[in-house]
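Novice: below is the sequence, then the predicted model.
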Amino acid sequence: MTGPGTRLLPAKVGPVLRRHWLFITLVVLGVVVRGATIAAYGPALVTPDTLAYWTSAHNFEPQPLRPIGYSFFLAPVAAVTDSLTPVQVMQHSIGLLLAGGLYAFLLRRGLPAWGSALSTAPVLLDPLQIVLEHYVLTDVLFEGLLVLACLLLLWRHRPHLWQIVAVGTLVGTAGLVRGAGTLLVVVFALALVCLRAGWSRILVFVVAAAIPVGAYMVAFHAEHGEYAVTTGGPRFLYARLAPLVRCDDPQLRIPPYARQLCPRIPVAERPSSNYYMWGQRWGQVLPRDLPPGVTREEVLQDFDKQVVRAQPVVFAEASLKDFLAGFSPSRAYAAPGRDSAHWRFQEQYDQSGGRAWELLGQRGWDVEVNESAARPLTLYGRWANLPGPLAGALAMAAVLAALGVGRSRWSGDRVAIGLLAGACLTTMVTGAALAGFSWRYQLPQLAMLPAAGALAVAALARGAVPGKPAPLPPLRILDRAASRLARVPMPQLWRRRASAWEERGVLAVALGVLAGIATAAVVEVAAVQSGWFTPGTAAVGATVAGGLVSLVLLVSRRRARSLPPRPGDGDAARPPAADSTLTGTY
């Protein structure tokens, strides 16, 4: 019995429900749709890749074509059962947990509850997210590791050392789950630079990211005799380039024994990259008589280098086209050889053809479709997608806010916006360049671009927010370097000139220009020595890189010198911030 003073629910439950009702509603809808998916498609959605990952989950033998980080995720399930149902539950749980983490993070950043909830709607309800959670493939685990690394690094104003170590481990592990995570180390390292983490902590991050990769390379060497994460990269890139390459180009210098790799079919009539990767032609194009000491992988890699070197514009145009395809208005868009129907709710999934499908059937992994449950999901999938143009607009807003356009300069969220959007777009660009277009490669944008875009819109609209730390001041590297240089022991005449140049700013500007020139020289030498670029292409890229370095340093210096005193110093020209402390920020 309850007395007049007792409560059936805690006193704070009512206000919590009123504030978070929209997010709770979206979570409930997400659970319902996931439950309907489990009821409609059993035991899971699979591809031939599923069998390879499941086999590696038992023997842990590194595979030559792709890293098997995902197999370690499957291992606990594979050790006790041959059923895929636990994998379904884990991956659907990852999607729900991602939404909860993003929602809490956006609230922490000062977004209203309704805006934070709407930002999580794609990861909760988008059919692409839910379908891929139902597939036994790497994509959901990769997405989860990527988002978790971002949130862990950005949760505090200044991440603790243990957080940096954990983020490095997550980023390194993500690269072992999917090859598209290879460049994430650079993105996160730049974020740490912008957070003023210090070189020692950046080094700790790099070491933490290298440890899982190094351990995997040692295991790979024990199995295949070379230190690598995979030897399938040249083969995948060959399949990417074969439909595009123009072998009559006089700039294309291919050894005679590699000429068999040149498709003889006209470019307009060639099959898709999937055909060159997995089709019957694959066994015919590999050269059979190779010079002593030359492996097939080396022949493929040399062919790839020569194609990219001789025809960079063709390769860049194809990569850009496939990258922009991720923002298509309709999910029905499909690149040649990559049917989009696999990544949408269907009333039937084709599982025919090939020995791999036979083996999947023998394991009892034939997809059984409950048509009564699949039919409403098919209708749902036609309208519940995150529109591609909207995702593109959110990405553009994130870029503008990360660059500090307008009021976003004072928001304190620029690093968070830049990391979320930059990590997402980096994986999309990498996938488009090395593997081409597939809807499954677009999964990270459902979780990361809405969050980055919501923060960006808020930053562009409102700028500084009461209660949030003020942004870090611009970098003062050039002025500090000029000051130290002017005090280096030297003849009295030169010391006077250096001091005068320092006072007028000439020395700092000269150092900024020299930094750009040095960067350009290093980039050009590295690009030419890699063998992937001609001297002309390397010079263009090096000039752009050097110019960007000089521009960032000089603009940052100009902003630092033009800033009025901080709030409280008697100058009200600068937009007020709630906290004038410049050391704790994102």
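Specialist: In hand now; what should we look at? Residues are numbered from 1 along each chain as shown.

Novice: wait, isn't Gly179 in contact with Val213?
Specialist: No. Taking C-beta atoms under 8 Å as the definition, Gly179 is not a contact partner of Val213, at 11.9 Å. (Each C-beta comes from the backbone N, C-alpha and C, glycine too.)

Novice: overlap of the contact sets of these two?
Specialist: By C-beta atoms under 8 Å, 6 or more residues apart in numbering, Gly179 and Val213 have these common neighbours: Val229.

Novice: where do the helices of the stretch 201-350 of the chain begin and end?
Specialist: 233-241, 273-278, 282-285, 296-310, 312-325 (DSSP state H, counting those that start in this stretch).

Novice: select, out of those helices, the one closest to Val16.
Specialist: Counting by C-beta to C-beta, Val16 lies closest to helix 312-325 out of those; the figure is 41.4 Å.

Novice: could you list the buried residues of the closest one?
Specialist: Residues of helix 312-325 classed as buried: Pro312, Val314, Phe315, Ala318, Ser319, Asp322, Phe323, Ala325 (neighbour count, 16 or more other C-beta atoms under 10 Å).

Novice: need those in TSV with pLDDT and distance to Phe72, can you?
Specialist: Shown next, in TSV, are these (pLDDT from 0 to 100; distance: C-beta to C-beta, whole Å):
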residue	pLDDT	distance to Phe72
Pro312	92	37
Val314	91	38
Phe315	92	33
Ala318	92	33
Ser319	94	30
Asp322	94	30
Phe323	95	30
Ala325	94	32
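
Novice: ok so, going back, using JSON lines, lay out the helices of the stretch 201-350 of the chain together with distance to Leu96.
Specialist: Shown next, in JSON lines, are the helices of the stretch 201-350 of the chain (distance: least, C-beta to C-beta, whole Å):
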{"stretch": "helix 233-241", "distance to Leu96": "32"}
{"stretch": "helix 273-278", "distance to Leu96": "33"}
{"stretch": "helix 282-285", "distance to Leu96": "40"}
{"stretch": "helix 296-310", "distance to Leu96": "41"}
{"stretch": "helix 312-325", "distance to Leu96": "28"}
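
Novice: weakest of these by average pLDDT?
Specialist: Of all the helices of the stretch 201-350 of the chain, the segment with the smallest mean pLDDT is helix 282-285, scoring a mean of 54.

Novice: quick one on the thing from earlier: for Val267, state which of the buried residues of helix 312-325 is nearest.
Specialist: Nearest to Val267 among the buried residues of helix 312-325 is Val314, at 9.4 Å by C-beta to C-beta.

Novice: the closest one contacts Leu244, correct?
Specialist: Yes. The criterion here is C-beta under 8 Å, and Val314 meets it with Leu244 at 5.5 Å.

Novice: shared neighbours, these two?
Specialist: Joint contacts of Val314 and Leu244 (C-beta under 8 Å, 6+ apart) do not exist.

Novice: need the pLDDT of Asp571.
Specialist: Asp571 carries a pLDDT value of 35.

Novice: what segments of this protein are strands?
Specialist: 41-42, 368-369 (DSSP state E).

Novice: make CSV out of those and add mean neighbour count and mean pLDDT.
Specialist: Formatted as CSV, the strands of the chain follow (neighbours: other C-beta atoms under 10 Å; pLDDT from 0 to 100):
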stretch, mean neighbour count, mean pLDDT
strand 41-42, 21, 87
strand 368-369, 12, 86
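
Novice: adding distance to Ala117, write the ones you listed out as JSON lines.
Specialist: As requested, the strands of the chain are exported to JSON lines (distance: least, C-beta to C-beta, whole Å):
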{"stretch": "strand 41-42", "distance to Ala117": "28"}
{"stretch": "strand 368-369", "distance to Ala117": "32"}
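
Novice: looking at these, spot the one closest to Phe23.
Specialist: strand 41-42 (27.1 Å).

Novice: the closest one - contacts with which helices or strands?
Specialist: If you count contacts as 3 or more C-beta pairs under 8 Å, 6 or more residues apart in numbering; DSSP states H and E, strand 41-42 packs onto strand 368-369.

Novice: and the strand it packs on, how far from the chain's centre?
Specialist: Centroid displacement of strand 368-369 relative to its chain, using C-alpha atoms, centre = their mean, to the nearest Å, is 33 Å.

Novice: pLDDT at the nearest residue to Ser340 once chain neighbours are set aside, what is it?
Specialist: Spatially, and ignoring its direct neighbours in sequence, Ser340 is nearest to Ala334 (4.0 Å; C-beta to C-beta, 6 or more residues apart in numbering). In this model, Ala334 is scored at 85, pLDDT.

Novice: neighbours around Ala334, how many?
Specialist: Neighbours of Ala334 under the rule other C-beta atoms under 10 Å: 18.

Novice: can you give me the distance of it to Ala318?
Specialist: 16 Å (C-beta to C-beta, to the nearest Å).

Novice: same thing with Arg338?
Specialist: Distance, Arg338 to Ala318, using C-beta to C-beta: 14 Å.

Novice: any shared contact partners between the two?
Specialist: With C-beta under 8 Å, 6+ apart, Arg338 and Ala318 have common neighbours Gly436.

Novice: so which residues make contact with stretch 89-97?
Specialist: Outside stretch 89-97, the residues touching it (C-beta under 8 Å, 6+ apart) are 27, 30-31, 34, 37-38, 73, 77, 123-124, 129-130, 133-134, 140-141, 143-144.

Novice: which among these end up buried?
Specialist: 27, 30, 34, 37-38, 73, 77, 123-124, 129-130, 133-134, 140-141, 143-144.

Novice: show me the helices in the stretch 401-550 of the chain, by range?
Specialist: Counting by DSSP H, counting those that start in this stretch, the helices of the stretch 401-550 of the chain are 414-434, 444-462, 477-486, 492-504, 506-530, 535-562.

Novice: any chance of these in CSV, plus mean pLDDT, distance to Gly392 and mean neighbour count?
Specialist: Formatted as CSV, those follow (pLDDT from 0 to 100; distance: least, C-beta to C-beta, whole Å; neighbours: other C-beta atoms under 10 Å):
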stretch, mean pLDDT, distance to Gly392, mean neighbour count
helix 414-434, 94, 11, 24
helix 444-462, 95, 9, 25
helix 477-486, 76, 34, 17
helix 492-504, 70, 45, 13
helix 506-530, 88, 29, 17
helix 535-562, 84, 23, 16
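
Novice: domains in the chain, by residue range?
Specialist: 14-227+328-462, 233-325, 477-562 (automatic domain parsing).

Novice: okay, how far is it across the longest one, tip to tip?
Specialist: Read it as domain 14-227+328-462. 30 Å (C-alpha to C-alpha, to the nearest Å).

Novice: any idea how far Arg178 lies from Val207?
Specialist: Taken as C-beta to C-beta, the span from Arg178 to Val207 is 22 Å.

Novice: so these two - more neighbours on which side?
Specialist: A count of neighbours by other C-beta under 10 Å puts Arg178 above the other of Arg178 and Val207, at 26 against 13.

Novice: ok, now which ones touch that one?
Specialist: Pro67, Gly69, Thr138, Asp139, Phe142, Thr427.

Novice: what would the residues you listed look like in JSON lines with distance to Leu190?
Specialist: Formatted as JSON lines, the contacts of Arg178 follow (distance: C-beta to C-beta, whole Å):
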{"residue": "Pro67", "distance to Leu190": "24"}
{"residue": "Gly69", "distance to Leu190": "24"}
{"residue": "Thr138", "distance to Leu190": "25"}
{"residue": "Asp139", "distance to Leu190": "25"}
{"residue": "Phe142", "distance to Leu190": "20"}
{"residue": "Thr427", "distance to Leu190": "15"}
